[in-house]
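>>> I would like to see how this sequence folds:
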Amino acid sequence: MIIESSAPTRVDLAGGTIDIPPLFLFHEGAATVNFAVDLMARCRIETRDDDKIVLQSIDRGVSLETSLANFHELAHEPRLELLAKLVYFFKPGIGFTMTTDSEAPAGAGLAGSSTLNIACIGALNRLVGNRYTPEKFIPIAANVECQVIKVPTGFQDYYSAQYGGVASIHFRPDGMRREPLDIDTETLENRIVVLYTGEPRNSGTNNWEITKRHIDGDKETFDIFEGIRDSSVSLRAALLANDWNAVGEIMKNAHPHRKRLSPNITTAQMDLLIEKAMTNGAIATKVCGAGGGGCIAFFCEEGRKADVENALAEEPEAEVLQWHLSKEGLTVKES
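Numbers count the residues shown, from 1 in each chain. Got it, this is the predicted structure:
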């Protein structure tokens, strides 16, 4: 049996970090806005005739092997830790080879690990006979990833991976709700540049420091999160109204607001890239994920996307990523 799954990564436009529990419980109306892109994470499982379990990551160039008899070792396996813990959770009773690959650059801030998480869960769940309904995938993904990174993880990334499209995720005491946003996606594609800075980021460190400050009662941090919530709510409304001037203004005003959270959200190299983009047709900057490296999304003046891309392409370490909106989320096929 061969099982193949794939899921899209995402670009977050507003509301990042507020999706980490329990932070959203302190900000009524907390929400995020993001869209899925066709830089895919993929998982392939092929069953074996022996009792071996082989895990291999193409993009990382790492592999490991164990057996059903030594299955318990996967619970504490440091290599390919996310894959190992997912396999340990599902506990398949047969031998198999699981191969993964990700099209997003390492440490890009495009939710690559969360997306791979969802892709693997979809494939492993099929391997064990659809033990869980799809509604269980996101809680499983968040809890297993928390075991790996050892700090609470945000939830918005799993929704884009599982469902695709453009969406606002609403966080309430009675649960989380995904709201698909029916917007002008052609304009979205024509006005956003996604740049990989060449510097991988460490989101766990940045987000955890911010989370601790918030929980410790730092008033400035609380007020910044109120602003993050307000920006997300306003951006959702502007997108639904097809008001792209407002979209640009909201994103432009949000960037310096987010920089107040941590001096590590941008690096010196990122600041230089931002300056170059802004002088060649970009209106607003959105550091993807927690920042400190990774990707930057630029919202451009109408008709200026190519100018921004050409200017940034001159930077030797940076890479302008080619992308399209992914309307479809997780897919799982069996043969």
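>>> got the buried residues for the helix or strand where Ala7 lies?
Under the criterion DSSP states H and E, the helix or strand holding Ala7 is strand 2-14. When neighbours are counted by 16 or more other CB atoms under 10 Å, the buried residues of strand 2-14 are found to be 3-14. (Each C-beta comes from the backbone N, C-alpha and C, glycine too.)
>>> which neighbours in the sheet does that strand have, and how are they oriented?
Taking DSSP bridges as the criterion, strand 2-14 sits next to strand 31-47 (antiparallel), strand 331-334 (antiparallel) in its sheet.
>>> and the ones you listed: which comes nearest Glu301?
For the strands paired with strand 2-14, proximity to Glu301 was assessed by CB to CB; strand 31-47 is nearest, at 19.7 Å.
>>> can you put the buried residues of strand 2-14 in JSON lines and add pLDDT and distance to Arg304?
As requested, the buried residues of strand 2-14 are exported to JSON lines (pLDDT from 0 to 100; distance: CB to CB, whole Å):
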{"residue": "Ile3", "pLDDT": "98", "distance to Arg304": "44"}
{"residue": "Glu4", "pLDDT": "98", "distance to Arg304": "39"}
{"residue": "Ser5", "pLDDT": "98", "distance to Arg304": "37"}
{"residue": "Ser6", "pLDDT": "98", "distance to Arg304": "32"}
{"residue": "Ala7", "pLDDT": "98", "distance to Arg304": "31"}
{"residue": "Pro8", "pLDDT": "98", "distance to Arg304": "26"}
{"residue": "Thr9", "pLDDT": "98", "distance to Arg304": "25"}
{"residue": "Arg10", "pLDDT": "98", "distance to Arg304": "24"}
{"residue": "Val11", "pLDDT": "97", "distance to Arg304": "18"}
{"residue": "Asp12", "pLDDT": "96", "distance to Arg304": "22"}
{"residue": "Leu13", "pLDDT": "97", "distance to Arg304": "18"}
{"residue": "Ala14", "pLDDT": "96", "distance to Arg304": "22"}
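>>> of those residues, closest to Val144?
Scanning those for proximity to Val144, where the rule is CB to CB, the winner is Ala7, at 15.1 Å.
>>> which residues does that closest one bridge with?
With DSSP bridges as the rule, Ala7 is bridged to Ala41.
>>> show me the contacts for it.
Residues counted as contacts of Ala7 (CB atoms under 8 Å, 6 or more residues apart in numbering) are 40-41, 115-116, 118-119, 122, 161-162, 329-331.
>>> next step: these restricted to helices.
When the contacts of Ala7 are checked against helices (DSSP state H), the matches are 115-116, 118-119, 122, 161-162.
>>> and the furthest pair within those?
Spatially, the most separated pair among those is Leu116 and Gln162, at 12.5 Å (CB to CB).
>>> ok, the two, which is more surrounded?
Set side by side, Leu116 and Gln162 show unequal neighbour counts under other CB atoms under 10 Å, the larger going to Leu116 at 28 against 24.
>>> quick check: pLDDT value at the more buried one.
In this prediction, Leu116 carries a pLDDT score of 97.
>>> could you report the neighbour count for the closest residue to it other than its chain neighbours?
In space, not counting the residues next to it along the chain, Leu116 is nearest to Ala41; the distance is 4.1 Å by CB to CB, 6 or more residues apart in numbering. Residues near Ala41, counting by other CB under 10 Å, number 28.
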